[in-house]
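>>> okay, structure incoming, though there's no sequence with it:
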C-alpha cells in the first residue's frame, strides 16, 4: 500500500522519472489480475472475460472435512437452528460448490439417528512476526521452524537481501502462499474471529510444538495450544439398521438474508433434497433438518492466486489466454496513474475507479 501511494505521488507525469520499478509493474499486474477475477466472481464466471477453465490451476476440488457441531460457547451456535460448520481455508477466494454428507433414518424419519461424537483437535500456534534489523539486509536468512515438524520455511534468496525494510509484507505473503497444505494452514492476524496483530497463526491437526521465526531484529516464537471440537462419529453409521446416507447440495445465502430465508420462506428451509448454508469471513455454516445429521462437508473452491513477482520468478497462475487481458488492464492502470493528478480527470475511467 505504501508502494502504491508513493507511485501515485511520484513525478512520473512531469517526465522527471522515465520508468516504473519492477515492483510497481508487479503491483499493477496483480491489481489487474484480481480485478478480472472479481468481475468473474460477481458474474459467476458467466458473460465475463474469464471462465472457470481459465483458473483450473486454482481450482481445489472435493475438499472433505468433518463437520463440526457447534457448542453453546461457539460464536456460530444458534439454538433455534440445527447447524454444523467448518472453517474457511486460509487460501480461500471463491466457493464453487458445497455438498454435505447427511445421515437419516428411513423408518423413524422424524427422529435423527444417534451416532455419538468424536473429538476433533486443532493445534494452534501464534507467532509475532519479528521486527526488521536496523540496517540492511533487514531479514537475511529468515526461517520458520517447528520443534515437532522441523523446518517449515526458508526465505528464498531474492527475499533475503532486499534493502527495503518494508519487505516484511513480501515475506509474510510468501510464507502464507508457500505453506498451505491439507494438514497445515497459515493465517495472518485473524482466525476464528480471533485477532492477533502482526502475527502468523499456524493451524494443524498434528501437534506443532514450538514454532520459531528466526531473522530480523529478534527471534520470535509461540507454543502449541489445543482446542477440541465435536464431530459426528461416522464409524458407527454401519451399525445403524435403518441408516440412509446421502450427499446433498447446499444452497448458499447471503449473511443478511439467511435468517429470513429460513424462517419466512418455506421453500428455503433445509430438506432431504437441498440444504441451506451461509459463508462468513471465517466459516461455512450449514443448516439441516432436525431429523437428520450432517457428518461431513465436501466443497470445491478457487484459491487465491499466488502473487505475480518478477523478483521471485513467480508467473501468473491463470491460463495464458488471460495474460494479455491482464497486461492490457495493467497498462491502463499505470497510464491512469501517470496522468495529471487532477481529480476530475483521473476519475473519468469509471471501470478502474469503481471496481
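On my side now, so go ahead. All figures in this text were calculated on a predicted structure; none of them were measured in a lab.
>>> do you know how far the closest residue to residue 113 other than its chain neighbours is from residue 47?
Nearest non-adjacent residue to residue 113, counting by C-beta to C-beta, 6 or more residues apart in numbering: residue 105, 5.0 Å away. Heads up, the C-betas are built off the backbone N, CA and C, glycines and all. From residue 105 across to residue 47, the span is 45 Å (C-beta to C-beta, to the nearest Å).
>>> so between the two, which is more surrounded?
Comparing residue 105 with residue 47 by neighbour count (other C-beta atoms under 10 Å), the higher total belongs to residue 105, at 19 against 7.
>>> so the more buried one touches residue 289, yeah?
No. Applying C-beta atoms under 8 Å, one finds residue 105 not in contact with residue 289, separated by 11.7 Å.
>>> show me the contact partners of stretch 101-108.
Stretch 101-108 is contacted by residues 67, 111-113, 115, 232, 237, 240, 242-248, 272, 275, 288-289, 291-298 when judged by C-beta atoms under 8 Å, 6 or more residues apart in numbering.
>>> only whichever of these are buried, select them in ChimeraX.
The buried residues among the contacts of stretch 101-108 can be selected in ChimeraX (16 or more other C-beta atoms under 10 Å) with this line:
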select :67,112,113,115,232,237,243,244,248,275,288,289,292,293,294,295,296,297,298
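>>> so which of the contacts of stretch 101-108 sit within strands?
Judged by DSSP state E, the subset of the contacts of stretch 101-108 located in strands is 232, 243-248, 275, 288, 293-298.
>>> please enumerate the helices of the stretch 101-250 of the chain.
Remark: helices assigned in the stretch 101-250 of the chain by DSSP state H, counting those that start in this stretch are 168-179.
>>> low-confidence ranges in it?
Judged by pLDDT under 70, the stretch 101-250 of the chain has its weakly predicted residues at 162-166.
>>> which residues in it form strands?
117-128, 143-146, 150-154, 184-191, 194-204, 210-214, 220-223, 225-232, 243-253 (DSSP state E, counting those that start in this stretch).
>>> of the ones in strands among the contacts of stretch 101-108, closest to residue 128?
Comparing these against residue 128 with C-beta to C-beta picks out residue 297 as the nearest, at 32.3 Å.
>>> gap between the closest one and residue 247?
Distance from residue 297 to residue 247, counting by C-beta to C-beta: 10 Å.
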